[in-house]
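J.: how would this look folded up:
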Amino acid sequence: MEEKKTLRKDVLCQCDLLTEEDVISFSNSIAEKLFSLPEYQAAKTIMYYANFNKEVVTLDMIPKTLAEGKRVIVPKTVHKERRMILSEVFDVEDDLTPGLWNIPEPKPDKLRPVDVKEIDFVVVPGVAFDEQGNRLGYGGGYYDRFFQDLRPDVPLVAVTYELQMVEQIPVSPWDRTVDLIITEKRVIDCRKGQN
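T.: Next comes the predicted model:
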């Protein structure tokens, strides 16, 4: 879809303009909001994406989650099969290494597969979002396939910069909306349509 490609390119170009200071400052603000969500506090098993480039820094959130006694899951991409292996992480430094597209993922000898049904809360990546909870991903379809296997009660929580919020995302029939969006400025509850 040409519209999606153009939007993806435009938003990623804007993200590239963020300074390292912006990324750290915005990510800290987002993390604070994430940790205070009742849905996060109630969850026992949290799945994070591992950040790369100028994405919201999730790797800094994992140690706090582990310290709270929660389980942390990070995906490993199986490119040929267009799917993800969900793996439990005990230590960011020790368990992860740059993988496909330089995205950190579990090392082969640290792979601890977890059933998708064990996940209680998902921190979702994306290039752009709208206030209705529509998401524009990177185009690989990995998360679209993964969402289908999740329990229906699992909250999908997008962490993103305010500059990645757009008026409207072009939607495909298989796209699933996220439940909550956290930016450095606000928490958007897409289930109620309220900010």
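J.: next, the residue nearest the centre of the chain: phi, psi?
T.: The residue lying closest to the centre of the chain (C-alpha atoms, centre = their mean) is V124, at 2.4 Å. Backbone torsions of V124, given as degrees, to the nearest 10, read phi -100, psi 130.
J.: quick one: contacts for it?
T.: The neighbours of V124, taking C-beta atoms under 8 Å, 6 or more residues apart in numbering as the test, are Y49, R135, Y143, L156, V157, A158, V159, V178. C-betas here are computed from N, CA, C, even on glycine.
J.: now it: how far from L34?
T.: Computed as C-beta to C-beta, to the nearest Å, the V124 to L34 distance reads 12 Å.
J.: try Q168
T.: Applying C-beta to C-beta to Q168 and L34 gives a distance of 25 Å.
J.: quick one, which of the two is more surrounded?
T.: L34 (24 against 11; other C-beta atoms under 10 Å).
J.: kindly state the pLDDT recorded for that one?
T.: L34 is assigned a pLDDT of 98 by the prediction.
J.: from F35, how far out is the nearest residue to H79 once chain neighbours are set aside?
T.: Distances taken as C-beta to C-beta, 6 or more residues apart in numbering place L100 nearest to H79, at 5.6 Å, with adjacent residues excluded. L100 sits 29 Å away from F35, going by C-beta to C-beta.
J.: with G99 instead?
T.: 27 Å.
J.: looking at these two, which is more packed in?
T.: Higher neighbour count among G99 and F35: G99, with 18 against 13, using other C-beta under 10 Å.
J.: surely the more buried one touches E105?
T.: Yes - between G99 and E105 there is a contact at 3.8 Å, judged by C-beta atoms under 8 Å.
J.: what do those two both touch?
T.: K76, T77.
J.: is S27 in a helix, a strand, or coil?
T.: Under the three-state scheme (DSSP: H, G, I helix; E, B strand; the rest coil), S27 adopts helix.
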